[in-house]
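Participant: After the sequence you'll find the predicted model.
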Amino acid sequence: MSQYQFSAPPLTKINKVILISTGICFLIASVSKAVGAFSLPGILGLSAAGVLSGFVFQFLTYPFVEVNLMGFLFNSLVVWFIGSELEKQWGQKIYLRFLLINALGVGLIYTLVNIVFFFGTAPYATPLHGLTGINFAMLIAYAMLYPDRQMSMMMIFPMKAKTFCWILAGIEAYMALMSNIAASWAHLLAMGISYLIIHFQTRPLIKMVLNSSFESKKRSKSHLYVVKDEEQKPPKHWH
């Protein structure tokens, strides 16, 4: 049985910015809710009503708005553990573009669907917010890029990375479906976008959008590639 065990990787630069920004938004949202001042999700969260009112910045701000403590903690751990590994492998530019494509892609489709099919109804004004969507994207990417790496569920049950990440994504999908139907579809959409990016990573359009210079592992460290060698040495934070 493999002796590899998952431990915390170094927190990378972009993910540090994401977690600090999300932490600040979480504190502001908690305080404002406690004093009855304003609703941060209504301002920074993404809604069709908000976008049509001129709040186009919501396309970039909605992932940072967390209002639930357990959701904030769990999503932050995924960003730290999974996101840091992806940023380290791809480099900051590709990793940031990957996140932006997912956030903007999900946001645009979510907004258009609500404008076309739910104009004037509750979903039209319901804000989408939180890190869950981009975390879904990270988990799917990680499961596809490192399918055979050994990880430990709850530090007890060893399993392949693809199994581990799909279980986590399944748990998050179940939680999203039980709490917010509209948001759950947006999260599942993020998974689909991530899958398409990794699956079609060699296509000219994907290369152009992410980084036109990445082609092979030997030429650049900043690229996407699927790990097929089961004997590949794990990164430093795997032991």
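Facilitator: Okay, I see it.
Participant: Does the helix or strand V113 falls within pack against any helices or strands, and if so which?
Facilitator: Using DSSP states H and E, V113 sits within helix 92-117. Packed against helix 92-117 by the contact rule (3 or more Cβ pairs under 8 Å, 6 or more residues apart in numbering; DSSP states H and E) you find helix 13-35, helix 48-52, helix 58-61, helix 84-90, helix 122-125, helix 132-145, helix 181-199, helix 204-210. Using the backbone N, CA and C atoms, a C-beta is placed for each residue, glycine as well.
Participant: mind listing what's buried in it?
Facilitator: By neighbour count with 16 or more other Cβ atoms under 10 Å, helix 92-117 contains the buried residues 94-96, 98-99, 101-103, 105-107, 109-111, 113-114.
Participant: thinking again about what came up before, just the helices and strands packed on helix 92-117: most buried one?
Facilitator: Mean neighbour count (mean count of other Cβ atoms under 10 Å) peaks for helix 132-145 among the helices and strands packed on helix 92-117, with a mean of 26.
Participant: Identify the residues contacting the residue positioned nearest the centre of the chain.
Facilitator: For the chain, the residue nearest the mean C-alpha position is I134 (1.7 Å; Cα atoms, centre = their mean). Counting by Cβ atoms under 8 Å, 6 or more residues apart in numbering, I134 makes contact with 63, 79, 99, 102-103, 190.
Participant: out of those residues, who's nearest I20?
Facilitator: Of all these, V79 has the smallest distance to I20: 11.0 Å, by Cβ to Cβ.
Participant: can you tell me which residues contact the closest residue in space to the closest one that isn't next to it in sequence?
Facilitator: Ranked by Cβ to Cβ, 6 or more residues apart in numbering and with sequence neighbours excluded, the top spatial neighbour of V79 is N15, at 5.2 Å. Counting by Cβ under 8 Å, 6+ apart, N15 makes contact with 79-80, 83-84, 87.
Participant: how about the contacts of I134 in TSV, adding pLDDT and distance to W166?
Facilitator: Listed next are the contacts of I134 as TSV, based on pLDDT from 0 to 100; distance: Cβ to Cβ, whole Å:
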residue	pLDDT	distance to W166
P63	95	22
V79	94	18
L99	95	20
N102	95	18
A103	95	22
A190	92	15
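Participant: V79: neighbouring residues, count only.
Facilitator: Neighbour count for V79, taken as other Cβ atoms under 10 Å: 26.
Participant: Phi and psi next, for it.
Facilitator: phi -60, psi -40 (degrees, to the nearest 10).
Participant: Give me the distance between T121 and L128.
Facilitator: T121 sits 15 Å away from L128, going by Cβ to Cβ, to the nearest Å.
Participant: out of those two, which sits in the busier spot?
Facilitator: With neighbours defined as other Cβ under 10 Å, T121 and L128 compare such that L128 has more, 27 against 11.
Participant: What average pLDDT does stretch 200-214 get?
Facilitator: The average pLDDT within stretch 200-214 is 75.
Participant: helix or strand for F119, which one?
Facilitator: Of the helices and strands defined by DSSP H and E, none includes F119.
Participant: List the contacts of it.
Facilitator: When the contact criterion is Cβ under 8 Å, 6+ apart, the partners of F119 are A48.
Participant: tell me the contacts of T126?
Facilitator: Neighbour list for T126: 47, 182 [criterion: Cβ under 8 Å, 6+ apart].
Participant: so which of the contacts of I134 would you say is closest to L40?
Facilitator: Distances from L40 to those, taken by Cβ to Cβ, are shortest for P63, at 13.1 Å.
Participant: Burial check on the closest one, number of neighbours?
Facilitator: By other Cβ under 10 Å, neighbour count at P63 equals 30.
Participant: T202 too?
Facilitator: Close neighbours of T202, defined as other Cβ under 10 Å, add up to 12.
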